[in-house]
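**Q** With the input below, show me the fold.
(one chain, ligands or ions: 2)
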Amino acid sequence: MSDLEASLNAFREAVRLAPDNIALAEHFVRVLLSLLRYDEAEQFCKSLLAKHPSSKSLKVLMASTYFRQDKNSHALAIVETLIRGADAYPPALVLHAKLMFRAGNVQAAVADYKLAVEMSDEVADEEFASLLGIRATWNDGLSERTDMQDDEGEVSDGRLRQQAGDDDSEIADEPEIERPKISFSDVGGMSKVKEEIQVKIIYPLTHAQMYAAYGKKVGGGILMYGPPGCGKTHLARATAGEVQAKFMSIGINDVLDMWVGNSERNLHSLFEQARRNRPCVLFFDEVDALGASRSDMRQSAGRHLVNQFLAEMDGVDSNNEGVLILGATNAPWHIDSAFRRPGRFDQVLFVPPPDAPARTEILKILLVGKPTLDIDHESIAAKSAEFSGADLKAVVDRAIEAKLQEAIRSGRPTPLTTKDLLASLRLVKPSTREWFATARNHALYANQGGTYDDILQYLKIK
Ligand SMILES: Nc1ncnc2c1ncn2[C@@H]1O[C@H](COP(=O)(O)OP(=O)(O)O)[C@@H](O)[C@H]1O
Ligand SMILES: [Mg+2]
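**A** Ligands and ions are numbered 1, 2, ... in the order given. Take a look at the predicted model:
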């Protein structure tokens, strides 16, 4: 037996002999965790909790044990019960902050952490605080502030540049200007989003004088969010085609790169380019690229970028007439709330997976121009619950591939049938479920102002 095993055994024995010494038992769990012995830590902690079901510190320890193993929803379920109201338990708040941080919700993480330390400075965690870009101990009035902190105690530019490494190249190329040929009729379902785009984005363009006559201010954009593959990008492109506008698609990474290159001017020139090309749909795609690893940017350095972006959107120095702004994201919870104020992305719309009638429409759209025979779209739609539009496209693509190979073998091309599509359907897994696993937590635990009620309704939780 190794020395380590021997001392662990002695420890185990000590814990066993003092069943009421929770502190000792908890210490043992921490030792196990530090040795990465997660299974034993988890089992032991569970057994402790069974004996002392109301101990808050044990509950937090249990949650930390899950947290260490990346079992985040287990951890969240526990800490959620300990952070509400006036008797919120500070260690639980800190763990909650870490869970929020891990989920990319830095604002919530900072808020939780600050609250926890205000309640009890014993829970201060310097390493985590510096990760959040805040001072570990701001309430003693004496702590030294580093030059990386700005007025709100958040890190400023320096850190981001460091993260960006030596790649400080500015984006040189202007994004491509497309003239999409597709229109709303190429997009299945999504009727609610189409309607909102009509009213908010298209009418102001096609009925500009009417709007002017009534003194109605035009502006602001629509942010679409939802599981991947459900047609957000497709619809943005179709919006441009619908009104014969030009189309510029900007990845949020482009925007970030611009900022890392410290050229807010580039962001300005992007908007200027759209203004020169009006009518133009300016589409900000994949805002979710601002994922957890980069999330501290928004909090700190990225704020300048955000401000610049918002000023452009507000049309502070320029006129945005004829520039239609759309955005899409799979992770709306990563987006700074400043983006959502009036005149900006003031409409945030959920794009759910297509329902059966929408799937029927999408299948019809996907099969246009393909050789088919008596396709029963409805029965395929009925069997493809939880499939995204992109999943359905994969089904069709696979069926066609199989058909093609068959034709090559037999030397005789035959049209695609319902049976072919159903066979292919069995090979494709619906991809939307995974997204809802994450979305559900945000909708349940970070649903300020009912932002995510649509998700809860979709999941039939509300
Ligand atoms: N509602 C839809 N109608 C028609 N095609 C769709 C629809 N949703 C998805 N698709 C197909 O799936 C592809 C991927 O969808 P995309 O718009 O990129 O999804 P998202 O941007 O929501 O992740 C599209 O290019 C299109 O071929
Ligand atoms: Mg997309």
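
**Q** Count the residues that sit near residue 83.
**A** Residues lying near residue 83 (other Cβ atoms under 10 Å) number 21. Yep, even glycine has a C-beta here, placed from its N, CA and C like the rest.

**Q** Distance check, it against residue 71.
**A** Residue 83 sits 18 Å away from residue 71, going by Cβ to Cβ, to the nearest Å.

**Q** what's the answer for residue 204, then?
**A** Taking Cβ to Cβ as the measure, residue 204 and residue 71 are separated by 48 Å.

**Q** Between those two, tell me which one has more neighbours.
**A** Higher neighbour count among residue 204 and residue 71: residue 204, with 20 against 15, using other Cβ under 10 Å.

**Q** check contacts around residue 347.
**A** Applying Cβ atoms under 8 Å, 6 or more residues apart in numbering to residue 347 gives the contacts 196, 200, 220-223.

**Q** Model confidence for the residue in the stretch 351-462 of the chain that ligand 1 sits nearest to, exactly?
**A** In the stretch 351-462 of the chain, no residue comes nearer to ligand 1 than residue 389, which is 2.2 Å away by Cβ to the nearest ligand atom. Per-residue confidence at residue 389 stands at 97 (pLDDT).

**Q** so it touches residue 232, yeah?
**A** No: at 9.7 Å, residue 389 and residue 232 do not qualify as touching, with contact defined as Cβ atoms under 8 Å.

**Q** ok, the residue nearest the centre of the chain to residue 228 distance?
**A** The chain has residue 331 as the residue nearest its centroid, 1.5 Å off, counting by Cα atoms, centre = their mean. Relative to residue 228, residue 331 is positioned 10 Å away (criterion: Cβ to Cβ).

**Q** if I look at those two, which residues touch both of them?
**A** Contact criterion Cβ under 8 Å, 6+ apart; residues shared by residue 331 and residue 228: none found.

**Q** where does this protein dip in pLDDT?
**A** Low-confidence regions of the chain, defined by pLDDT under 70, span residues 1, 135-174, 217, 252-265, 287-306, 316-317.

**Q** next SSE after the biggest helix by length in it?
**A** The helix spanning the most residues in the chain, taking DSSP state H as the definition, is helix 389-410. Tracing the chain past helix 389-410, the next element assigned as helix or strand by DSSP states H and E is helix 418-425.

**Q** burial of the residue of the stretch 351-462 of the chain closest to ligand 1, as a residue count?
**A** 27.

**Q** What of residue 273?
**A** Counted by other Cβ under 10 Å, the residues lying close to residue 273 total 17.

**Q** before we move on, what about residue 375?
**A** The local packing count at residue 375 equals 18, with neighbours defined by other Cβ under 10 Å.

**Q** quick check, it in a strand?
**A** No: with DSSP: H, G, I helix; E, B strand; the rest coil as the criterion, residue 375 is coil rather than part of a strand.

**Q** Torsion angles phi and psi at it?
**A** Main-chain dihedrals, residue 375, degrees, to the nearest 10: phi -70, psi 130.

**Q** Could you report the distance from residue 343 to residue 241?
**A** Taken as Cβ to Cβ, the spacing of residue 343 relative to residue 241 amounts to 26 Å.

**Q** who's more crowded, those two?
**A** Set side by side, residue 343 and residue 241 show unequal neighbour counts under other Cβ under 10 Å, the larger going to residue 241 at 20 against 15.

**Q** So the more buried one sits against residue 187, correct?
**A** No: taking contacts as Cβ under 8 Å, residue 241 lies outside contact range of residue 187: 9.8 Å.

**Q** Identify all contacting residues around stretch 7-26.
**A** The set of residues that contact stretch 7-26 without belonging to it, under Cβ under 8 Å, 6+ apart, is 1, 28, 31, 35, 44, 48, 51-52, 55, 57-58, 61.

**Q** Mind doing that once more with 7 Å?
**A** Residues from elsewhere that reach stretch 7-26 (Cβ atoms under 7 Å, 6 or more residues apart in numbering): 28, 31, 48, 52, 55, 57-58, 61.

**Q** quick one, domains of the protein?
**A** Using automatic domain parsing, the domain parsing of the chain gives 3-140, 184-350, 356-425.

**Q** Am I right that residue 84 sits in a strand?
**A** No: if the criterion is three-state DSSP, then residue 84 is coil and not within a strand.

**Q** Backbone dihedrals for it, please?
**A** phi -90, psi 140.

**Q** Next, count neighbours for residue 363.
**A** Number of residues near residue 363 (other Cβ under 10 Å) recorded here: 25.

**Q** Report the contact partners of it.
**A** Residue 363 is in contact with 377, 380-381, 392, counting by Cβ under 7 Å, 6+ apart.

**Q** Which element, helix or strand, includes it?
**A** Here residue 363 is assigned to helix 356-367, by DSSP H and E.

**Q** Which helix or strand lies directly C-terminal to that helix?
**A** helix 377-382.

**Q** helices or strands up against that next one?
**A** When contacts are defined as 3 or more Cβ pairs under 7 Å, 6 or more residues apart in numbering; DSSP states H and E, helix 377-382 packs onto helix 356-367, helix 418-425.
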